[in-house]
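> Test case, fold it:
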Amino acid sequence: MADCIFCKIIAGEIPSTKIYEDEDVLAILDISQATKGHTLVMPKKHFENLLAMSGDEAALLFSKIPDIANRIVNNLGAEGMNVIANCGPIAGQSVMHTHIHLLPRTPNDGGPDFIHTPTHDFDLDEVAKEIIG
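Alright, predicted model coming up:
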């Protein structure tokens, strides 16, 4: 896609700091490091986001993530990893090309706090009925 910044990075038109590349996937360091080693993993083929991909296309992308994530964790001495896909502007997606954020985590790294705190008291059976139909 001509106006997509990630497509331009994939095409080599815009410089990036690559940490992994093969014929289907590119992984680059995010220019806004939320934590040290914050990486973006993206398919080379343009999709707006994960929801626009088929199961096979998503499987190909996600098949690369464990190796890339483990390399980051092991080489940076991280103790864990957040794996995040923002789908759509309301969910925080700012570049409309599928990409997965890998955020290596260490104690007191200053990164985002993702500890689950319940904020709503939904009837789970009712929600399941809405989803399933």
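> CA atoms for contacts and neighbours, from now on please.
Will do.
> what's the longest helix in the protein?
helix 65-76 (DSSP state H).
> Now do the most centrally placed residue in the chain against Ile84, distance only.
Centroid-nearest residue in the chain: Ile100, 1.3 Å away (criterion: CA atoms, centre = their mean). With distances taken as CA to CA, to the nearest Å, Ile100 is found 6 Å from Ile84.
> So which residues of the chain form helices?
With DSSP H as the criterion, the chain has helices spanning 5-10, 55-62, 65-76, 124-132.
> Does Asp109 touch Gln33 like I think?
No. Taking contacts as CA atoms under 8 Å, Asp109 lies outside contact range of Gln33: 11.1 Å.
> Any idea which of the helices of the chain gets closest to Gly92?
helix 5-10 (16.4 Å; CA to CA).
> which residues in this protein form strands?
Using DSSP state E, the strands of the chain run over 18-21, 25-29, 39-43, 80-84, 100-105.
> isn't Asn86 right up against Gln93?
Yes. Look at Asn86 against Gln93 with CA under 8 Å: they come within range, at 5.0 Å.
> These two: who's more crowded?
Each of Asn86 and Gln93 has its neighbours counted (other CA atoms under 10 Å); Asn86 has more, 19 against 16.
> where does that one land on pLDDT?
Looking at Asn86, its pLDDT is 97.
> and what of Leu76?
Looking at Leu76, the pLDDT reads 96.
> And Asp113, by the same measure?
83.
> and if you look at Met81?
Met81 is given a pLDDT of 96.
> contacting residues for the spatially closest residue to it that is not a sequence neighbour?
Spatial nearest neighbour of Met81, chain neighbours left out: Pro104 (4.4 Å); criterion: CA to CA, 6 or more residues apart in numbering. Going by CA atoms under 8 Å, 6 or more residues apart in numbering, Pro104 touches 35-38, 69, 72-73, 78-82.
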